[in-house]
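1. All I have is the shape, not the residue letters:
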């Protein structure tokens, strides 16, 4: 499997019905995006909603970003990945992640383990003694050096989230050539700075409480002060590209210049404003 230039990242949990998911999938496919990436959180089960999206598209690839390693055993993950690809024309990408302690312990009732050993053991369980596993459409969420190196060693590549072109450049160097480097970037087609930053702070509030994101932001050069009180303007402007389409496209292209092989666009908008969402995806589709 090869990845095209652009994808879309969007939570299916934001869509309240099967019909809304169908319409959204059709929109993303019609606009020519290569992959629709989606998370696994408190709503739809990852493989179930992937099957639904694949059944309602023809060429669009669908990628979990991410499916939690605590949600299913390695045999089930492997067979799920293979089954979806067999049934839907090799269009499913299994993106895995270690999730976060509040989700793993508070929601799922498991014990959160050290991320690197846990992910390494999980990948070994999926791929060990499996001929051709090096070519499977398998990638992992990775931010810091050890997980980025593991992604290059064990999978097709990495799925960094909440990052910047500076992080993309570091990741590309750590991973080396020939690997997928899928950079997620939030965007907001809004030229009013106050409105755009307010939407950005609302979107990022839940991530600012999670240690793995905070540690990564500190690693790439932000300060504790910039992460306080909802985030400084510099931080918000880096996390959520805002302005007109030309300005946003320039920011997206910076990821490619830094070494990204694929960039997935996450539209940030007022809750329920599907017109704003679709307008952003339409205007940025030719980046």
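-> Thanks, I have it. No experiment lies behind these values; they were computed from the predicted model shown.
2. could you pull out the strands for the stretch 1-150 of the chain?
-> Using DSSP state E, counting those that start in this stretch, the strands found in the stretch 1-150 of the chain span residues 6-9, 35-38, 61-64, 67-68, 92-97, 138-140.
3. ok, and what's touching the longest one?
-> For strand 92-97, the external contacting residues (CB atoms under 8 Å, 6 or more residues apart in numbering) are 1, 35, 37, 50, 54, 61-69, 77, 80-81, 84-85, 119, 122-123, 136-141, 159. Heads up, the C-betas are built off the backbone N, CA and C, glycines and all.
4. again, only using 6 Å
-> For strand 92-97, contacts defined as CB atoms under 6 Å, 6 or more residues apart in numbering pick out 50, 62-67, 69, 81, 84-85, 137-141, 159.
5. Can you list the strands that that strand pairs with?
-> Next to strand 92-97 in the sheet, as set by DSSP bridges, lie strand 61-64 (parallel), strand 67-68 (parallel), strand 138-140 (parallel).
6. what's the next secondary structure element after that strand?
-> Per DSSP states H and E, strand 92-97 leads on to helix 101 as the next helix or strand towards the C-terminus.
7. Let me know the average pLDDT across that following helix.
-> For helix 101, mean pLDDT rounds to 77.
8. returning to that earlier point: between the strands paired with strand 92-97, which gets nearest to residue 206?
-> strand 67-68 (16.1 Å; CB to CB).
9. contact partners of the closest one?
-> 40, 46, 96, 99.
10. Max pairwise distance over those: which two?
-> 46 and 99 (11.4 Å).
11. circling back: need the contacts of strand 67-68 in a markdown table with neighbour count, can you?
-> Conversion of these to a markdown table gives the following (neighbours: other CB atoms under 10 Å):
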| residue | neighbour count |
| --- | --- |
| 40 | 25 |
| 46 | 24 |
| 96 | 28 |
| 99 | 27 |
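12. Quick check: which element contains residue 234?
-> helix 233-239.
13. ok, the helix or strand that that helix is followed by: who's next to it in the sheet?
-> On the C-terminal side of helix 233-239, the nearest following helix or strand under DSSP H and E is strand 240-242. With DSSP bridges as the test, strand 240-242 is paired with strand 180-188 (parallel).
14. Can you name the next helix or strand after the partner strand?
-> Counting by DSSP H and E, what follows strand 180-188 is helix 193-204.
15. Not counting that next one itself, show me its contacts.
-> Applying CB under 6 Å, 6+ apart, the external contacts of helix 193-204 come out as 188, 190, 230-231, 236, 239-240, 242, 268.
16. I'd like to know which of those is nearest to residue 27.
-> Out of those, the member with the shortest distance to residue 27 (by CB to CB) is residue 268, at 16.9 Å.
17. since we're on the nearest residue to residue 98 once chain neighbours are set aside, how many residues are nearby?
-> Of all residues not flanking residue 98 in the chain, residue 115 sits nearest, at 4.4 Å (CB to CB, 6 or more residues apart in numbering). Residue 115 has 20 neighbours, counted by other CB atoms under 10 Å.
18. Would you confirm that residue 115 contacts residue 99?
-> No. If you go by CB atoms under 6 Å, residue 115 and residue 99 don't touch, sitting 9.4 Å apart.
19. Please enumerate the strands of the stretch 151-287 of the chain.
-> So, for the stretch 151-287 of the chain - with DSSP E, counting those that start in this stretch - the strands run 157-158, 180-188, 240-242, 262-267.
20. centroid residue for the protein?
-> Nearest to the mean C-alpha position of the chain, by CA atoms, centre = their mean, lies residue 65 at 4.4 Å.
21. Quick check: that one touching residue 40?
-> No. Assessed by CB under 6 Å, residue 65 is found out of contact with residue 40, at 8.8 Å.
22. How far off centre is the lowest-mean-pLDDT helix or strand in the chain?
-> In the chain, no helix or strand scores lower on mean pLDDT, DSSP states H and E than helix 101, which sits at a mean of 77. Put simply, helix 101 sits 19 Å off its chain's centre (CA atoms, centre = their mean, to the nearest Å).
23. can you check stretch 81-93 too?
-> Worked out by CA atoms, centre = their mean, stretch 81-93 lies 19 Å from the chain centre.
24. can you check stretch 236-246 too?
-> On the basis of CA atoms, centre = their mean, stretch 236-246 sits 18 Å off its chain's mean C-alpha point.
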